[in-house]
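# Here is the input, now give the coordinates:
(2 chains)
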2 protein chains.
Amino acid sequence: MEMTAPCIILDQPQLAENIGAAARVMANFGLYDLRLVRPRDGWPQPRAWASASGADWPLDEAKLFNSVDEAIADLNLVYAVTARTRETQLPVLTPRESATSLHAALGDGLKAGLLFGAERAGLETRDIALTHAMVTLPVDPRFRSLNLAQAVAVNCYEWGLLAQAPKPASFREGPPPAEQSAMLGLYEHLETELETNGFFHPPEKKPAMLRVLRVALGRARLSDQEVRTFRGVITALVKGRGRTLHRLAARKSRALTEPPESQEP
Amino acid sequence: MEMTAPCIILDQPQLAENIGAAARVMANFGLYDLRLVRPRDGWPQPRAWASASGADWPLDEAKLFNSVDEAIADLNLVYAVTARTRETQLPVLTPRESATSLHAALGDGLKAGLLFGAERAGLETRDIALTHAMVTLPVDPRFRSLNLAQAVAVNCYEWGLLAQAPKPASFREGPPPAEQSAMLGLYEHLETELETNGFFHPPEKKPAMLRVLRVALGRARLSDQEVRTFRGVITALVKGRGRTLHRLAARKSRALTEPPESQEP
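Purely as a prediction, here's the structure:
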């Protein structure tokens, strides 16, 4: 009977949409045990399933209770998600601290849950006092009114981060940056074409201009394939000119030496 | 005109309730600049205000746009909140990494935003390719379908955590990234020249090729000066072609009227 995620306890939730939204975001982050204490409009409510968008299992398995006491009876550790209140001398945790603590508790085989109050009324002090800590979201003091499902979301997200022990975030997906030799080939290709075209003017500015181009392109950390693409871009941009220069050169060489017919391979 | 929080851009949101819920959670965590790209049911929609529960100011001040391009035109830094896609070679950030980066960027006086796709369709690859990174929530692979307002909530929460913290280290050395409108100008300039030169072959590959170029250049986070430099590069590369074509045209016109000997310079 080991829990693999904390349960979510909603005390007297008013809106079926919020219950469904809570179930959905629980499923997003690997939670599944939903407990409802006296939902205002009874239970089950089809609108909850509609707003869960397919996250049916927390709703299908939701347990119904008549009081917070009963809903948390089997748990070793319960935190109340609530605005900070001075009426109880409980530790105040951030969602992140809460998740860390819950993660450790479940790892030790304890059963744990997060208790949320009703949309407007919040939790009664009496029920907060049954818990082991308050979890308070860092809301802007100018607008504290947090949607119930959003409060569930933030806590489930923090849980999910720890529970999935995600692989270290890599700087980027996909192929690695090209070797510097490939980048140098690209730089030289570009610079040769620009030189041919009189881009580096006045000449004394050329070193600085080269540096600007190399730094900007280097920052992109191009892959090998992208280096090839950019070399293709340069070739395409100069192609028309190259083609006509080639024709001009051939024409000129023919004119200077032999009858044109004999020169063609 | 300094931004004190990133803007939230919703691309083609379908449900007014989600727009309102996004505004509410923005207000919870100190964000205020809401931008809407072609909301499905038009704008304004009273149901958005109803579901914002008093967080009216992001809705009252919401800006309406016809395209993602326009909505992000004045921003230096844009992250796309999206499931990971293999189609773009962009960095993949967690919401926490994203918030850290945005916090540093705003601390440096840059303008930044988070781009969210429509409820079902998500973001188009074309629009992701306009951004600087993907922000991917660590959802359970067994149930990835995240509510739009919940995705906004998690990102706003991570922002709020940092916004209450002391000012971070500098986002980057040197000049800030150009506004997106300048990048779009560069892309269009390059693409027009490549199109002229038959680079996009076969034609059905053009969208993917455009994406590759935009993503690679976008990753470089070019400054305004660098954008101007690269536009100069493009012009220089095609200039010679123009010149030789012009010479050829002149020569051809002479050839039609004069003896061939007179053609060689």
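# can you pull the pLDDT of A:Asp224?
At A:Asp224, the predicted lDDT confidence score is 88.
# swap that for A:Glu261, sorry
pLDDT, A:Glu261: 41.
# Equivalent analysis for A:Pro168, please.
In this model, A:Pro168 carries a pLDDT of 42.
# Check A:Arg211 too.
80.
# and what of A:Cys7?
Value listed for A:Cys7 in the pLDDT field: 97.
# what's the distance between the residue lying closest to it once chain neighbours are set aside and A:Ala133?
Counting by CB to CB, 6 or more residues apart in numbering or on different chains, A:Cys7 lies nearest to A:Asp33, which is 3.7 Å off, once chain neighbours are set aside. Using the backbone N, CA and C atoms, a C-beta is placed for each residue, glycine as well. The gap separating A:Asp33 from A:Ala133 is 19 Å, by CB to CB, to the nearest Å.
# Name the helix or strand for A:Leu237, please.
helix A:224-256 (DSSP states H and E).
# returning to that earlier point: was I right about the residue nearest to A:Cys7 contacting A:Pro58?
Yes: the criterion here is CB atoms under 8 Å, and A:Asp33 meets it with A:Pro58 at 7.4 Å.
# Next, show the common contact partners of these two.
Common neighbours of A:Asp33 and A:Pro58 are listed as A:Ile8 (criterion: CB atoms under 8 Å, 6 or more residues apart in numbering or on different chains).
# which regions of chain A sit below the pLDDT cut-off?
A:1-2, A:165-174, A:240-265 (pLDDT under 70).
# At which residues are the strands of it located?
With DSSP state E, the ranges of strands along chain A come out as A:7-11, A:34-37, A:63-65, A:77-81, A:92-93, A:112-116, A:133-135.
# Contact residues of the stretch 1-150 of chain A facing chain B?
Counting by CB under 8 Å from any CB of the partner chain, the stretch 1-150 of chain A comes close to chain B at A:21, A:24-25, A:27-30, A:53-55, A:94-96, A:137-140, A:142-147, A:149-150.
# In PyMOL, select just the buried ones from those residues.
Selecting only the buried entries of these in PyMOL, with 16 or more other CB atoms under 10 Å in any protein chain shown as the criterion:
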select buried, chain A and resi 21+24+25+27+28+29+30+53+55+95+96+137+138+139+140+143+146+147+149+150
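# can you tell me which of the residues of the stretch 1-150 of chain A next to chain B are in helices?
A:Ala21, A:Arg24, A:Val25, A:Ala27, A:Asn28, A:Pro95, A:Arg96, A:Ala149, A:Gln150 (DSSP state H).
# Distance of A:Asp74 relative to A:Ser98?
19 Å.
# which one of the two has more residues nearby?
Set side by side, A:Asp74 and A:Ser98 show more neighbours around A:Ser98, with 24 against 11, by other CB atoms under 10 Å in any protein chain shown.
# That one touches A:Tyr157, doesn't it?
No: with contact defined as CB under 8 Å, A:Ser98 and A:Tyr157 do not form a contacting pair (11.7 Å).
# how about the strands of chain A in TSV, adding mean neighbour count?
Shown next, in TSV, are the strands of chain A (neighbours: other CB atoms under 10 Å in any protein chain shown):
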stretch	mean neighbour count
strand A:7-11	25
strand A:34-37	23
strand A:63-65	15
strand A:77-81	25
strand A:92-93	16
strand A:112-116	25
strand A:133-135	22
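# Among those strands, which comes closest to B:Arg84?
For B:Arg84, the closest of the strands of chain A is strand A:7-11, at 26.8 Å, according to CB to CB.
# can you pull the buried residues of stretch A:60-74?
Buried, per 16+ other CB under 10 Å, within stretch A:60-74: A:Ala62, A:Phe65, A:Val68, A:Ala71, A:Ile72.
# And stretch A:190-206, by the same measure?
A:Leu190, A:Glu191, A:Glu193, A:Leu194, A:Asn197, A:Phe199, A:Phe200.
# Could you dump those into JSON lines and include distance to chain B?
What follows is the buried residues of stretch A:190-206, written out as JSON lines (distance: CB to the nearest CB, whole Å):
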{"residue": "A:Leu190", "distance to chain B": "7"}
{"residue": "A:Glu191", "distance to chain B": "10"}
{"residue": "A:Glu193", "distance to chain B": "6"}
{"residue": "A:Leu194", "distance to chain B": "6"}
{"residue": "A:Asn197", "distance to chain B": "5"}
{"residue": "A:Phe199", "distance to chain B": "4"}
{"residue": "A:Phe200", "distance to chain B": "9"}
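# about what we covered before: of the strands of chain A, which is nearest B:Ile128?
From those, taking CB to CB, the stretch that ends up closest is strand A:7-11, at 32.6 Å.
# And that closest one, how far out from the chain middle?
Centroid separation for strand A:7-11 versus its chain: 26 Å, with CA atoms, centre = their mean, to the nearest Å.
# name the helices or strands packed onto it?
When contacts are defined as 3 or more CB pairs under 8 Å, 6 or more residues apart in numbering or on different chains; DSSP states H and E, strand A:7-11 packs onto helix A:16-28, strand A:34-37, helix A:68-71, strand A:112-116, helix A:148-163.
# which secondary structure elements does the second one contact?
Counting contacts by 3+ CB pairs under 8 Å, 6+ apart, strand A:34-37 is packed against strand A:7-11, helix A:16-28, strand A:63-65, helix A:68-71.
# got the contact list for that strand?
A:7-13, A:19, A:22-23, A:26, A:43, A:58-59, A:61-68, A:70-71, A:113.
# Show the end-to-end separation of stretch A:216-234, please.
End-to-end distance for stretch A:216-234, by CA to CA, to the nearest Å: 16 Å.
# cool, and stretch A:131-148?
19 Å.
# Next: stretch A:106-114.
End-to-end distance (CA to CA), stretch A:106-114: 13 Å.
# ok, now stretch A:115-132?
Terminal residues of stretch A:115-132 are spaced 11 Å apart (CA to CA).
# same deal with stretch A:159-179?
Rule used - CA to CA; the end-to-end distance of stretch A:159-179 is 40 Å.
# And for stretch A:119-131?
Stretch A:119-131 stretches 19 Å from its first residue to its last (CA to CA).
# How about stretch A:74-91?
22 Å.
# Equivalent analysis for stretch A:105-125, please.
24 Å.
# Give me the buried positions along that stretch.
A:105-106, A:111-119, A:122-123.
# for it, the distance to its chain's centre please.
With CA atoms, centre = their mean, you get 26 Å for stretch A:105-125.
# same deal with stretch A:69-86?
That offset, for stretch A:69-86, works out to 29 Å (CA atoms, centre = their mean).
# what's next to that stretch, contact-wise?
Contacts for stretch A:69-86 (CB under 8 Å, 6+ apart): A:7, A:9, A:11, A:35-37, A:63, A:65, A:90, A:92-93, A:98, A:101-102, A:105, A:110-117, A:122-123, A:125, A:127-128, A:130-137, A:144, A:151-152, A:155.
# what about 6 Å?
Contact with stretch A:69-86 is made by A:9, A:35, A:37, A:65, A:92, A:98, A:105, A:110-116, A:123, A:128, A:131-136, A:151, as judged by CB atoms under 6 Å, 6 or more residues apart in numbering or on different chains.
# coming back round to it: so A:Asp33 and A:Pro58 - more neighbours on which side?
For A:Asp33 versus A:Pro58, the count of surrounding residues by other CB under 10 Å is larger for A:Pro58: 25 against 18.
# got a list of what that one touches?
With CB under 6 Å, 6+ apart, A:Pro58 has these contacts: A:Ala23, A:Met26, A:Tyr32, A:Leu34.
# try 10 Å this time
A:7-8, A:19-20, A:22-27, A:31-35, A:48, A:52, B:143 (CB atoms under 10 Å, 6 or more residues apart in numbering or on different chains).
# Same question for A:Asp11.
Applying CB under 10 Å, 6+ apart, the residues near A:Asp11 are A:35-39, A:65, A:67-68, A:71, A:80, A:115-118, A:121-124, A:127.
# ok, so what distance separates the nearest residue to it once chain neighbours are set aside from A:Gly122?
In space, and not counting its chain neighbours, A:Asp11 is closest to A:Val37: 4.6 Å by CB to CB, 6+ apart. Distance, A:Val37 to A:Gly122, by CB to CB: 13 Å.
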